[in-house]
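**Q** pasting the structure only:
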C-alpha cells in the first residue's frame, strides 16, 4: 500500500516494475542477437558476463571526475559482490525456477533439456517453421524472461553507480 494520499504507486514498486520491464526487453533483444549470430548457450553466458564487466567499467569511468585504477578496482569489487548476491539468490530459487522453466519450455514447444539431443555445431537447435499456439513468436531464450518464469529480484544497491 502506498503512503501517497492520491493513490500513487510505491516508488520501490515502480522501480521493481521498471526493472522487470527493462529486463524483459533486454532479454528479448539479447535472445534475438544470439539467435541471429548463432551463438551457443555456453558462449552466450560468458559473452554477457564480459559485457557486464565492460559496461560496469565504463559506468565507473563516466561517473567520476578523475577515474583511478584503485577506484576502478573498488568498483569492480562492489560489482563482484553484487553479482555474487544475484547468484546466491538464483541458487535459493532453483527449486521453484526449474519446474516453471520445464513447463514453459514444454509450452513453447522445445523438448526438455534433459531429453533433447544435441545438434551438431553450436548446440542451438534449428528453429521450427510452426510455433505452438500462444507462443507469441518468442525464442526459446527470450520466452522464459518475457513470460515471467524467471523473475527479477530487487536491484541490489551495489549495482547503482553513485
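**A** On my side now, so go ahead. Since this is a predicted model, take the numbers as computed values, not measurements. Residues are numbered from 1 along each chain as shown.
**Q** pLDDT of stretch 16-28, averaged?
**A** Stretch 16-28 comes out with an average pLDDT of 88.
**Q** so which bits of the longest helix anywhere in the chain are buried?
**A** Secondary structure of the chain per DSSP state H: the longest helix is helix 11-37. Neighbour-count burial for helix 11-37 flags 16, 23, 24, 27, 28, 30, 31, 34, 35 (criterion: 16 or more other Cβ atoms under 10 Å). In short, each C-beta sits where N, CA and C put it, glycine included.
**Q** same thing with stretch 57-68?
**A** Applying 16+ other Cβ under 10 Å to stretch 57-68 flags residue 60 as buried.
**Q** what do you get for stretch 46-59?
**A** For stretch 46-59, by 16+ other Cβ under 10 Å, it's residue 56.
**Q** what's the first helix or strand after the longest helix of the chain?
**A** Following helix 11-37 in sequence order, the next helix or strand is helix 41-63 (DSSP states H and E).
**Q** quick one on the thing from earlier: give me the angle between the longest helix of the chain and helix 41-63.
**A** Per axes from the mean of the first three to the mean of the last three Cα atoms, to 10 degrees, the angle that helix 11-37 makes with helix 41-63 is 130 degrees.
**Q** list the helices and strands helix 11-37 packs on?
**A** helix 143-146 (3 or more Cβ pairs under 8 Å, 6 or more residues apart in numbering; DSSP states H and E).
**Q** now the helix it packs on: average pLDDT?
**A** 54.
**Q** please apply the same query to stretch 71-87.
**A** 96.
**Q** mind listing what's buried along it?
**A** Result for stretch 71-87 [16+ other Cβ under 10 Å]: buried residues 75, 78, 79, 82, 83, 85.
**Q** which strand or helix spans the last one?
**A** Applying DSSP H and E as the criterion places residue 85 in helix 69-92.
**Q** after that helix comes which helix or strand?
**A** Following helix 69-92 toward the C-terminus (DSSP H and E): helix 94-108.
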